[in-house]
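1. using only what follows, build the 3D model:
(one chain, ligands or ions: 1)
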Amino acid sequence: MKIALIAHDKKKVDMINFTVAYTSILEKHTLFATGTTGLKIQEATGLDVERFQSGPLGGDQQIGAKIANNEMDLVIFFRDPLTAQPHEPDITALMRLCDVYQIPLVTNLGGAEVMIRALDKGLFEWRNV
Ligand SMILES: O=C(CO)COP(=O)(O)O
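-> Presented below is the predicted three-dimensional model:
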């Protein structure tokens with residue numbers, strides 16, 4: 001599956017801990033990330049991650065384009081709900097495209113814990129239908 005990993009600055013530690021804990025599952029998939037998130041994941045886990053621009057510089061929109069082209073199966077996006085983001089419209093647009101194209105989206109660690117287990121159990125096979 002093609003998975004996008006994104007984390008706002010105050011959620012990057014969560015993302016690193018998550019990807020370290022689940023490296024053995026994530027390494028079986030094709031990973032994408034916004035710029036800084038991807039770099040930190042690569043440094044912490046050694047996972048192969050295709051990196052886009054940093055979020056404020058268009059990274060969310062690049063991932064949105066992948067969704068619009070049916071080239072993304074899951075978005076794990078650890079959002080910071082307590083800090084205003086300069087690129088809020090891009091974030092909203094990315095989440096909107098997930099809804100337009102029925103792409104599973106989780107926006108916090110609790111959702112990601114469930115989703116990664118579902119992924120490992122093969123519950124994403126419907127995406128191949
Ligand atoms: O801002 C982001 C998502 O909206 C994340 O961007 P970075 O991974 O480059 O920090």
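2. rest of the way, CA atoms for contacts and neighbours
-> Fine.
3. count of neighbours near Leu82?
-> For Leu82, the neighbour count with other C-alpha atoms under 10 Å is 7.
4. so how far is Lys10 from it?
-> 9 Å (C-alpha to C-alpha, to the nearest Å).
5. kindly report the same for Gly122.
-> Applying C-alpha to C-alpha to Gly122 and Lys10 gives a distance of 31 Å.
6. more neighbours, the two?
-> Using other C-alpha under 10 Å as the criterion, Gly122 and Lys10 rank with Lys10 on top: 14 against 10.
7. how about the contacts made by Thr37?
-> When contacts are counted by C-alpha atoms under 8 Å, 6 or more residues apart in numbering, Thr37 touches 5-8, 12, 15.
8. mind running it again at 10 Å?
-> Applying C-alpha atoms under 10 Å, 6 or more residues apart in numbering to Thr37 gives the contacts 5-9, 11-13, 15-16, 49, 51-52, 54-55.
9. before we move on, what about Met15?
-> Counted by C-alpha under 10 Å, 6+ apart, Met15 has contacts 5-9, 21, 37-38, 40-41, 76-78, 108-109, 112.
10. name the SS class of it, please.
-> helix (DSSP: H, G, I helix; E, B strand; the rest coil).
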